[in-house]
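>>> please find the sequence and the predicted model below.
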Amino acid sequence: FAKQFGLGDKAVGNFTSGGSEANFTSIIVSLTRKFPDYVMSGLRCLGGQPVFYCSTEFHHSFEKIAHQCGLGRDAVRLVPVTDSNVMDVQAAASMIQQDQQNGMIPFLINATAGTTNSGLVEPLDEIAKLSKRYDLHLHVDAAWGGSAVLSPTHRSCLDGIQHADSITFDPHKLLSVPMGAGMLLVREHQWL
Ligand SMILES: *Cc1c(COP(=O)(O)O)cnc(C)c1O
């Protein structure tokens, strides 16, 4: 699957019980990647509030994850959506700048590829550019939409997903695997 998504030669993955655990793992992986001291000293070593960005069409597992891992639910910065119901990337840029000015520490942006409510894919290329500009870990939550990668007709819906640092994908959704089966794929094996 890492190859299908175009993640490159050094990519690896972990099976999880589902998309929520995969999203959880993406937060732990990205905190560890960005803040090596987090591993032994925890979030208090950071001297500021780490925050991450999702559009209001995100999967709500991220709120529980922020709670569970000690970031707190306020660490989920909710970006408004455009009239097309996908992340407003301009608004995301303004929020990131504002948060940095207020002493927060942005570390990740999540793009949903196949939103739970309406099946829309957020603008992956634009969000990837933003993640580069602000040095954020780019996570793509493709829990169910990721299945499009297997379809020659529909895989272009996911253009841009190859820029992801990590991807959530759930074989127990459209692939109908009859048991809890999710996965987290990451671009660099040492991150995992
Ligand atoms: C279903 C879904 C999840 C959560 O997956 P579970 O397997 O239920 O834990 C996460 N993100 C999106 C976009 C989903 O559709």
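It's in. None of these values were measured; they are calculated from a predicted model. Numbering: from 1, shown residues only.

>>> for this structure, what spans make up the strands?
Ranges of strands in the chain, per DSSP state E, are 12-16, 50-55, 76-79, 105-112, 137-141, 166-169, 182-186.

>>> got JSON lines for those strands, with distance to the ligand too?
For every residue, glycine as well, the C-beta is placed using N, CA and C. Compiled in JSON lines, the strands of the chain are given as follows (distance: least, C-beta to the nearest ligand atom, whole Å):
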{"stretch": "strand 12-16", "distance to the ligand": "8"}
{"stretch": "strand 50-55", "distance to the ligand": "10"}
{"stretch": "strand 76-79", "distance to the ligand": "14"}
{"stretch": "strand 105-112", "distance to the ligand": "5"}
{"stretch": "strand 137-141", "distance to the ligand": "5"}
{"stretch": "strand 166-169", "distance to the ligand": "6"}
{"stretch": "strand 182-186", "distance to the ligand": "5"}
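
>>> make CSV out of those and add mean pLDDT and distance to D99.
CSV is the format used below for the strands of the chain (pLDDT from 0 to 100; distance: least, C-beta to C-beta, whole Å):
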stretch, mean pLDDT, distance to D99
strand 12-16, 96, 29
strand 50-55, 98, 6
strand 76-79, 98, 7
strand 105-112, 98, 6
strand 137-141, 98, 15
strand 166-169, 98, 21
strand 182-186, 98, 25
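
>>> would TSV of the ones you listed with distance to Q98 and mean neighbour count be doable?
As requested, the strands of the chain are exported to TSV (distance: least, C-beta to C-beta, whole Å; neighbours: other C-beta atoms under 10 Å):
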stretch	distance to Q98	mean neighbour count
strand 12-16	33	16
strand 50-55	11	24
strand 76-79	10	19
strand 105-112	10	26
strand 137-141	20	28
strand 166-169	26	30
strand 182-186	29	24
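
>>> I'd like those strands as CSV, with distance to K3 appended.
Output for the strands of the chain, formatted as CSV (distance: least, C-beta to C-beta, whole Å):
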stretch, distance to K3
strand 12-16, 11
strand 50-55, 27
strand 76-79, 30
strand 105-112, 20
strand 137-141, 16
strand 166-169, 12
strand 182-186, 10
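
>>> just list whatever residues bridge to the residue positioned nearest the centre of the chain.
Against the mean C-alpha coordinate of the chain, by C-alpha atoms, centre = their mean, the closest residue is H139 at 2.5 Å. With DSSP bridges applied, H139 shows beta-bridge pairing to N110, S166.

>>> buried set for the helix ranked longest in the chain?
If you go by DSSP state H, the chain has its longest helix at helix 19-34. Using 16 or more other C-beta atoms under 10 Å as the test for burial, helix 19-34 gives 19-27, 29-31, 33-34.

>>> repeat for stretch 185-192
Neighbour counts over stretch 185-192 (16+ other C-beta under 10 Å) mark 185-187, 191-192 as buried.

>>> many thanks, have a good one.
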